Every structure is written in C-alpha cells, then in structure tokens.
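S.K.: 3D model of this:
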Amino acid sequence: QDCKKKYEDCFKVACQQSWSDFTPSGMLRLIKKAKKEMQGLDMVILDHASLTKFYRVRGISDPKEIINFYVRFLTNLSISFEDKFVLLLASQTNRDGIKELEAGKTGSLTNLAEANETERSAATVTLIYSGVNAVESNIINFYPKKNRRGALTAKPIISFIEPAAYFVGERAVAGSISLDDLMED
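M.R.: Below is the predicted model:
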C-alpha cells in the first residue's frame with residue numbers, strides 16, 4: 001500500500017486481493033490490467049517469487065516445482081506478451097547463503113532458495129545484502145553472480161541507499177518504520 005501511494009504516477013502496484021489473482025490466468029489478467037492503466041508496460045516485478053509455492057497448481061504437489069512452474073510461466077510470458085517486458089523476480093537465498101553473506105563471502109547461485117529455475121531462466125542474477133552494520137550506514141552490497149550478456153566483477157558493488165527505502169528488515173524491527181504501516185487493511 002505504501003508503494004501504491006508513493007509511486008502511483010510511475011508504477012502500478014498489484015496486491016493480492018484473492019487467491020485467484022495469483023493463478024497463471026490471474027497473473028496474466030493483472031499484467032494486462034496494469035498495461036492498460038499505465039498505457040504500456042516496461043517491467044513486471046514479482047516480489048517475493050518463492051511465495052508462489054503457496055499458490056497451488058493442478059498436478060504439481062512439490063513446492064519447489066510450483067515455484068519452478070511460475071518462474072517458467074512468467075519468463076515465457078515476458079517473452080511472448082504482445083509488448084515484451086522485463087521480468088524481475090525477487091527471491092531470497094537459503095540459510096547457507098545468508099550465513100555466507102554474513103561472514104563476508106560473496107554468496108553463490110547454489111544458495112538461491114528453493115527453486116533452480118530462477119537461476120536457469122535468468123539472464124542476470126544479483127545477490128543483494130545489507131547486514132546490521134551496513135543498514136545503519138545505509139550501505140547495500142550487490143553481488144553480480146550471473147550475466148549472460150557480459151563479464152562479472154569478482155568484488156561486490158557497494159551502494160548507498162536512502163533510508164526510507166528500507167521497508168522491512170532491521171529498520172522495521174528497530175522501529176523506524178512500523179510493521180503495521182506495511183500491512184494491508
């Protein structure tokens with residue numbers, strides 16, 4: 001809801017209103033509706049991709065395979081949609097990946113949580129991490145892990161971020177942003 005208000009002139013934010021919104025046909029309907037309302041469509045962001053494991057698909061019972069199904073579906077849709085769009089899937093790393101990043105390592109593709117289709121389908125994969133100390137300094141580290149179109153850097157790309165951009169995580173827990181403000185009515 002916060003994003004809807006803050007970015008309504010440049011982004012269309014679709015929040016789940018019902019379970020049917022996140023079936024393949026429901027996602028297609030939301031994307032077509034956003035395209036019509038925005039008079040075009042450049043990018044679709046699915047945050048948080050691994051949550052699709054909760055949206056049942058007929059004939060698939062394994063949660064990892066459900067995520068793989070949705071990643072393939074959205075990847076194919078981004079390529080075949082009447083006006084192609086960039087697809088950005090936000091997903092989290094598994095516990096081993098978090099431990100590596102917290103220890104100062106750069107993480108790896110094998111640590112993508114739950115679904116291998118995320119890495120397989122992607123043209124680019126970047127791990128993003130900001131530990132407790134980095135959050136206080138407004139630092140975020142980007143670790144490029146895959147780039148089908150060019151070279152990769154071995155070192156993280158360090159960036160500074162506006163504190164207001166932290167919607168969840170350490171800042172929300174620390175109380176600078178109320179978690180209640182992030183919940184839909």
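
S.K.: beta partners of the most centrally placed residue in the chain?
M.R.: Taking C-alpha atoms, centre = their mean as the criterion, residue 90 is the residue nearest the geometric centre of the chain, at 1.5 Å. Assessed by DSSP bridges, residue 90 has beta-bridge partners residue 47.

S.K.: tell me how far it lies from residue 46.
M.R.: 7 Å (C-beta to C-beta, to the nearest Å). Heads up, the C-betas are built off the backbone N, CA and C, glycines and all.

S.K.: longest helix anywhere in the protein?
M.R.: In the chain, taking DSSP state H as the definition, the longest helix is helix 63-80.

S.K.: for the residue of the chain most remote from its centre, give me phi and psi.
M.R.: For the chain, the largest distance from the centre (C-alpha atoms, centre = their mean) belongs to residue 59, which lies 25.6 Å off. The phi/psi pair for residue 59 (degrees, to the nearest 10) reads phi 90, psi 0.

S.K.: what does residue 93 give?
M.R.: Backbone torsions for residue 93, taken as degrees, to the nearest 10, come to phi -80, psi 160.

S.K.: check which helices and strands the longest helix of the chain sits against.
M.R.: helix 24-37, strand 43-47, strand 86-90, helix 117-121 (3 or more C-beta pairs under 8 Å, 6 or more residues apart in numbering; DSSP states H and E).

S.K.: got a list of contacts for the first one?
M.R.: So that's helix 24-37. Contacts to helix 24-37, defined as C-beta atoms under 8 Å, 6 or more residues apart in numbering, come from residues 12, 14, 20-21, 41, 44, 57, 70, 73-74, 77, 81, 83, 85.

S.K.: those, buried ones only, as a ChimeraX selection?
M.R.: Only the buried entries of the contacts of helix 24-37 go into this ChimeraX selection, using 16 or more other C-beta atoms under 10 Å:
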select :12,14,41,44,57,70,73,74,77,81,85
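
S.K.: any chance of the contacts of helix 24-37 in a markdown table, plus distance to residue 109 and pLDDT?
M.R.: As requested, the contacts of helix 24-37 are exported to a markdown table (distance: C-beta to C-beta, whole Å; pLDDT from 0 to 100):
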| residue | distance to residue 109 | pLDDT |
| --- | --- | --- |
| 12 | 31 | 70 |
| 14 | 29 | 67 |
| 20 | 33 | 69 |
| 21 | 30 | 71 |
| 41 | 28 | 84 |
| 44 | 22 | 87 |
| 57 | 25 | 85 |
| 70 | 19 | 90 |
| 73 | 21 | 91 |
| 74 | 19 | 90 |
| 77 | 23 | 91 |
| 81 | 27 | 89 |
| 83 | 30 | 82 |
| 85 | 24 | 88 |
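
S.K.: from the contacts of helix 24-37, which two are the most distant?
M.R.: Taking C-beta to C-beta, the two most distant members of the contacts of helix 24-37 are 57 and 83; they sit 26.1 Å apart.

S.K.: flag the shaky bits of this protein, pLDDT-wise.
M.R.: Scanning the chain for pLDDT under 70 picks out 1-10, 13-20, 113-115, 133-135, 162-185.
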